[in-house]
Each structure stands twice: as C-alpha cells, then as structure tokens.
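Asker: Dropping the sequence and predicted coords here.
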Amino acid sequence: MTEKSWFGLKRSEIDWFPKIDYGKCISCMACVNKCEHRVYAEKYGKPKVIAPKNCVVGCTGCQSVCTKHAISHPPKSYLQRLAKRNDFKIGCQCGGKSK
Ligand code: SF4
Ligand code: SF4
C-alpha cells in the first residue's frame, strides 16, 4: 500500500524517489524486481520510474541492489530538513530517538 503522509507532510509534496543514470545502467532489472511498490516498469528493455510518489520515503532498496551504482536518491539531509529532526533515521518512521 502506498503511504499518504510522512511526519505529517503529504507524500505528494516530498521529492523522494529513485533516479536512474542510464549511462551506468546495464538493464539487469534488479531494481524493477526489487521494488514491491510499482515505482518501476520495464520499458523497451530499460527500467523506468513510472510512479515516483509510490516510492516509500526513506527507502533505498533498489539503490542497494544496483551493482552498477546507477540509482540515486536525495541525500538524507533533505529528509532531515523536512522532518526537522536531527536524530531522524533514514527508513524509520516511528519517530523514536536514537539510542
Ligand atoms: S539495478 Fe541498476 S543496472 Fe540494473 S536495471 Fe536497475 S538501474 Fe539498471
Ligand atoms: S527506494 Fe524502495 S520503494 Fe522506492 S523505488 Fe526503490 S525499492 Fe521501491
């Protein structure tokens, strides 16, 4: 299920989604297969981000499986600024403090 908000912000207002460097991509489709949120689709033999706002804020799962380092997300500091929390952990939405 796609999230609708994050730290009280509308998901539609958060620019968090993967970007693909096609100069590095070898079209292995590991990213397409990794994502469970239908962010990607294969188009003409290449991965394409078709639903960027379906991307889970803080997730970098597809970036982790790309052996060619062809996928990037915004820096953690972008989310920290939005959340206004210095102790914010990427990928965590519980709002709890770091120990
Ligand atoms: S995992 Fe990386 S190399 Fe493979 S299709 Fe996706 S972007 Fe391209
Ligand atoms: S970061 Fe996570 S949710 Fe977003 S596209 Fe990649 S695997 Fe899917």
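Answerer: Structure received. Please read these numbers as outputs of a predicted model, since none were measured by experiment. Ligands and ions are numbered 1, 2, ... in the order given.

Asker: in stretch 55-68, what's buried?
Answerer: For stretch 55-68, the buried set under the neighbour-count rule, 16 or more other Cβ atoms under 10 Å, comprises 55-63, 66. Placement of C-beta: from N, CA and C, glycine included.

Asker: Mind checking the pLDDT average for that stretch?
Answerer: Stretch 55-68 shows a mean pLDDT of 95.

Asker: Output stretch 19-36 in CSV, but only the C-alpha positions, please.
Answerer: C-alpha atoms of stretch 19-36 as CSV (Å, rounded to 0.1, in the frame of the first residue of the first chain):
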residue,chain,number,x,y,z
LYS,A,19,16.8,8.5,-10.3
ILE,A,20,18.5,6.3,-12.9
ASP,A,21,21.8,7.1,-14.5
TYR,A,22,21.3,5.4,-17.9
GLY,A,23,25.0,5.8,-18.6
LYS,A,24,25.7,3.3,-15.9
CYS,A,25,22.6,1.1,-16.2
ILE,A,26,23.1,-2.3,-17.8
SER,A,27,19.3,-3.1,-17.8
CYS,A,28,19.6,-6.1,-15.5
MET,A,29,16.1,-5.2,-14.0
ALA,A,30,17.2,-5.9,-10.4
CYS,A,31,15.6,-2.6,-9.4
VAL,A,32,12.4,-3.4,-11.1
ASN,A,33,12.2,-6.8,-9.5
LYS,A,34,13.2,-5.5,-6.0
CYS,A,35,10.5,-2.8,-5.7
GLU,A,36,7.2,-4.0,-4.4
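
Asker: and it, average pLDDT?
Answerer: For stretch 19-36, the per-residue pLDDT averages 97.

Asker: now swap in stretch 82-91 and tell me
Answerer: Stretch 82-91 carries an average pLDDT of 65.
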